[in-house]
Each structure stands twice: as structure tokens, then as C-alpha cells.
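1. predicted coordinates and the sequence they were generated for:
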Amino acid sequence: VQLQASGGGLVQAGGSLRLSCAYSGRTFGAGNVMGWFRQAPGEERQRVASIGVSGGATTYANSVKGRLTISRDAAKNTLYLQMDNLKPEDTAVYYCAVRIDGTKYDFWGQGTQVTVSS
């Protein structure tokens, strides 16, 4: 399984970015979950959003609710994270990941840097 994250960059506070994660090597289905995580320097990795592959149920960290939106295009094998009203505290490396079952995420992308200037 390969996941390739892209779309990061430098943006001013209040701006928007859309991250993409192209995946290949396996067909995902019921019970699988895809997610976006982020890690800022000196901090623990944090899950910011997840989406169920079957049914599309989403979850968000409280700090991003109402500003970040996770979605998936099954036809394009791509996971997205629409990021609006960005804040300096959103600055981090963002990773996409897939959970096959259980609680542990099994496959990870390489990360894309998001920097929000004040």
C-alpha cells in the first residue's frame, strides 16, 4: 500500500489549503478508516480527522471542527483535507494514514508541511 500526500505550503492566517492523499496497492472497504494526522515540532502526533471508507462517517479533533473537512473520492483513490480559516497553531507536518481494523493505523504517507503565518 502506498499513500502520497501533497498540497501543503505557506499560507497567511485566515487562508485555505487543500491537502490530497493519493493511495494505491489495495482496495479499502467496510471497517477501514482513513485519517489525517499532524505533528508540530516538539509535540505529539495528533489525529485531526478521520472518515469511514464505508458509509463516510467522519470525526474531528475539537481544535479543527468547523474549519477542516475530510472527504474521499473513491473513483480517484484520493483522500482530501480541506483546510479553511487557518490559524498559526495549525502549522505542522500533515500525514494521511489508513486503519485496516482495530485501533492502530497501519499505513502512512510521507507527510506534507503546512505553515500558517500570522
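-> Arrived safely.

2. ok, now how distant is the residue nearest the centre of the chain from R99?
-> Central residue of the chain (CA atoms, centre = their mean): W36, 2.4 Å from the mean position. As for W36, its distance to R99 is 12 Å (criterion: CB to CB, to the nearest Å). Every residue, glycine included, has its C-beta placed from N, CA and C.

3. spit out the residues that contact these two alike.
-> S50 (CB atoms under 8 Å, 6 or more residues apart in numbering).

4. where does Y105 sit, in terms of helix or strand?
-> Assigned by DSSP states H and E, Y105 belongs to no helix or strand.

5. who are the contact partners of it?
-> 35, 37, 97-99.

6. can you check F107 too?
-> F107 touches 1, 3, 97-98, 100, counting by CB under 8 Å, 6+ apart.

7. A helix includes S63, no?
-> Yes. Assessed with DSSP: H, G, I helix; E, B strand; the rest coil, S63 lies in a helix.

8. pull the contacting residues for it.
-> Counting by CB under 8 Å, 6+ apart, the residues that S63 touches are 48, 89.

9. now swap in G29 and tell me
-> 53-54.

10. where does it land on pLDDT?
-> We have a pLDDT of 88 for G29.

11. over to T103?
-> 84.

12. thinking again about what came up before, my read: the residue nearest to the centre of the chain touches V48, true?
-> Yes. Contact criterion CB atoms under 8 Å: W36 and V48 qualify, at 5.2 Å.
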